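A.B. asks: Fold the following, please.
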Amino acid sequence: MKLSQMRIGQSAVIRKVRAQEPIKGRLFAMGIAKGNRIKLLDHTLKKETFEVDVESTRVALRKEEADAIEVESDDEKD
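C.D. replies: You can find the predicted model right below:
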């Protein structure tokens, strides 16, 4: 699932970042990398921006950045 599809308050593990440079480098610099835990804290009504917590750091992401982050929530694990 994509980060943009998560529910507020839901946590997940980052599985893949499908962004192009330089966005990919910026996301990695903020701690958004494969294997890290991420939690969706809030989003705007139209889901244009997302506030997340990753490795104890709060980060604001645009929709296109959130769409580029693939996650696996605890609900999806077998």
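A.B. asks: for the protein, what spans make up the strands?
C.D. replies: Using DSSP state E, the strands of the chain run over residues 11-17, 37-43, 49-54, 57-62, 69-73.
A.B. asks: Which of those strands sits closest to Lys2?
C.D. replies: Nearest to Lys2 among these is strand 69-73; the distance by CB to CB comes to 6.2 Å. (Each C-beta comes from the backbone N, C-alpha and C, glycine too.)
A.B. asks: Now do that closest one against strand 57-62, angle only.
C.D. replies: With axes from the mean of the first three to the mean of the last three CA atoms, to 10 degrees as the criterion, the two stretches strand 69-73 and strand 57-62 enclose an angle of 120 degrees.
A.B. asks: what about the closest residue to Ile69 other than its chain neighbours, how many neighbours?
C.D. replies: Leaving out its chain neighbours, the residue that sits closest to Ile69 by CB to CB, 6 or more residues apart in numbering is Leu3, at 4.1 Å. The criterion is other CB atoms under 10 Å. On that basis, Leu3 has 24 neighbouring residues.
A.B. asks: No further queries at this time; thank you.
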